[in-house]
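1. no sequence for this one, just the structure:
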């Protein structure tokens, strides 16, 4: 028994929460920069440069949250880490190849000779698309309990498309915030075109997860939980309506409210994430392995927790610094 | 081929590709800080020009390192679940601390370092450069702690087949860590010294007379000439440490089959593991005994001591370790010769432009000599650890994932194709950037431009 009770109870829970927060931050942050990559074919040459300029100073740190999330899974729940990643062997490989392509294309597209730029732009788009699709597929398969059947593959394919459209939507809202002029008008149009993906994606996941598992069904559709949880879907629906209204009026003449679609989408992603987290708790491998069964030894978790408590606020601090330094409309990325 | 072999090739290919880039960024970060501090101190634009050229190489190398590093963090789970299940309680915290204290630091401040020069005060830009360099070095520290622990594991107890940490100070400062860390940091320094020297020589051969190129060449050659003796010393001490803790590896490095005294130093041989002897030996009498024990009649361990009575081989494959070690040492000798020659010519005329043309020509291919030596060194130590994944604790074959071999084979082929293409693109772009810079095509036009020109201008270059 420790200071706050039994560490075998609260340590795994704390690490599950930390991992959840990392995944959420990753999905939001890399979501928008992956989305910008997915939107690449719709933009012309100069617009592409400006789009990359809007994410250039951030993408690297954004991807680090993925490393932290998978690192925490690896560290805190080694048994689950092996099970999940070997079950998702091929989609993980597709995602990694996608991440490699887009990560290096960032640099190569502006350093290679001009005739090669087209090819690297292509690599940037394909890499972003592969990553988004793979992540969506993995999400679908995870919801389906990592079962490998035709039905789960089909559901995975569906979530792959929806998450990709969802990423391109949040990417478009980021561009509304960070750009101006013709590109901003285009971004508003992209966002209008992408909002259906968000709605269908949220809908499909909300419908499928209770249907797959009786346990999840019981967690949502029993009294009094159903009343306590009602605000979650209601708020989501309200936000979608507000987003739809805002996108009809944007961009405004004085650029007011340009922040709104991005912030609203972030909140939407958060609501969806909490819904999922509520559904799956306490399982880390759905219906097979709880986070208490999968957790590693408390003494090792303790060592990491201390470091995390010290370092995470610092990471937050300098992340805010970076976003402050590069606030405002995106300018050309220059080394001088 | 089976899953084990394919997984080993895949991880080996991945980690080999990965290490090329951190090897550059670790030391290049500090060199960039040096350029920036020289500029701050002297106000001479040559230092800032050198900074601007090399920061591009840094950005490109950093991106290559990040993406290949992410791949590795996933492959622990996809290909080697037994590793984390057995020693996760020790490897986990070390990797977590790497992410927390190094990755975020470098990733966030890289943005400010690359694109913030005109947006933040000068001191903050210098600080960002420092923090990125510091972050890459921290990253090296944590990963070398873990790697060294896999060679010389201490500070833990096994409970039900799972390692539990008992003494974190002992784990952090495990017996081979100081040697391995110093050896790797110096390797990074030498890699960067010869990279900068090579591309500066290349630019001078193209007729570039820029003051920044000479300053870079001078910095690089002095750096190389002063680090290489330190590296030879550090390597020797590391070898003695290995002799103490992993004698079977030293036996393979020396190609020595029977334990004995007055063991010769083999300059060349072809180890034959089936016959358990060497062919075509060229040797210096007593050499190995002298180097390893500092006595002509010192005892050197032999490989035959590491075969059990029922024939199970507990020493690493001999030929790869034997040859990799010789490639590393040979490259180091070339570095010693060339950097000292360069410094001699510069000192004689007190002019960085006085390096004779033949030496410049030789320095160009030496630009990637650091990669050759680093890879050869890592192959020596990592293949030399086989058949163990964690020496004496976990064998490689017990850690591999139960994934169908065709999956591993398919992804392996894809990774190899991508790595080959990216490596070619990387080297090509480095030469392209150097060629462009040597023509004086600065990408920072100071004169105002027409709107169309601004639109066409390639950013972040």
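-> Yep, that arrived. All of these numbers come straight from a predicted model, not from anything done at the bench. Numbers count the residues shown, from 1 in each chain, chains lettered A, B, ... in the order given.

2. just give the number of residues close to the closest residue to residue B:230 other than its chain neighbours.
-> Nearest non-adjacent residue to residue B:230, counting by Cβ to Cβ, 6 or more residues apart in numbering or on different chains: residue B:186, 5.9 Å away. For glycine as for every other residue, the C-beta is placed from the backbone atoms N, C-alpha and C. Neighbourhood size, residue B:186 [other Cβ atoms under 10 Å in any protein chain shown]: 19.

3. residue B:186 and residue B:238, how far apart?
-> 10 Å (Cβ to Cβ, to the nearest Å).

4. cool, and residue A:178?
-> Taking Cβ to Cβ, one finds residue A:178 at 50 Å from residue B:238.

5. more crowded one of these two?
-> Neighbour count, other Cβ under 10 Å: between residue A:178 and residue B:238, residue A:178 has more, with 25 against 21.

6. so that one makes contact with residue A:326?
-> No: between residue A:178 and residue A:326 there is no contact under Cβ atoms under 8 Å: 9.2 Å.

7. can you tell me the element the residue nearest to residue A:153 when sequence neighbours are not counted falls in?
-> In space, and not counting its chain neighbours, residue A:153 is closest to residue A:141: 7.9 Å by Cβ to Cβ, 6+ apart. Assigned by DSSP states H and E, residue A:141 falls within helix A:117-143.

8. which is the next helix or strand following that helix?
-> Defined by DSSP H and E, the subsequent element after helix A:117-143 is helix A:150-178.

9. report the angle between that next one and helix A:117-143.
-> Orientation of helix A:150-178 against helix A:117-143 (axes from the mean of the first three to the mean of the last three Cα atoms, to 10 degrees) gives an angle of 130 degrees.

10. quick one: mean pLDDT for helix A:150-178?
-> Helix A:150-178 shows a mean pLDDT of 88.

11. for residue 64, what are phi and psi?
-> In the absence of a named chain, chain A is used. Dihedral angles of residue A:64 (phi, psi; degrees, to the nearest 10) stand at phi -60, psi -30.

12. please list all residues in contact with it.
-> Listed by Cβ atoms under 8 Å, 6 or more residues apart in numbering or on different chains, the contact set of residue A:64 reads B:99, B:103-104, B:107.

13. for chain A, what's the nearest residue on the stretch 101-250 of chain B?
-> residue B:111 (3.3 Å; Cβ to the nearest Cβ).

14. so what's the residue count around the residue of the stretch 101-250 of chain A found nearest chain B?
-> With Cβ to the nearest Cβ as the measure, residue A:103 is the residue of the stretch 101-250 of chain A nearest to chain B, at 3.8 Å. Number of residues near residue A:103 (other Cβ under 10 Å) recorded here: 25.

15. quick one, grab the pLDDT at it.
-> Value for residue A:103, per-residue pLDDT: 87.

16. you'd agree it is up against residue B:67?
-> Yes: taking contacts as Cβ under 8 Å, residue A:103 lies within contact range of residue B:67: 3.8 Å.

17. which strand or helix spans residue 8?
-> Just going to use chain A. Judged by DSSP H and E, residue A:8 forms part of helix A:7-38.

18. should've been chain B
-> Residue B:8 belongs to helix B:3-42, assigned by DSSP H and E.

19. helices or strands up against that helix?
-> Applying 3 or more Cβ pairs under 8 Å, 6 or more residues apart in numbering or on different chains; DSSP states H and E, we find helix B:3-42 packed against helix B:45-79, helix B:122-151, helix B:177-205, helix B:211-245, helix B:369-383, helix B:396-399, helix B:405-438.

20. the ones you listed: lowest mean pLDDT?
-> Across the helices and strands packed on helix B:3-42, helix B:396-399 gives the lowest mean pLDDT, at a mean of 82.
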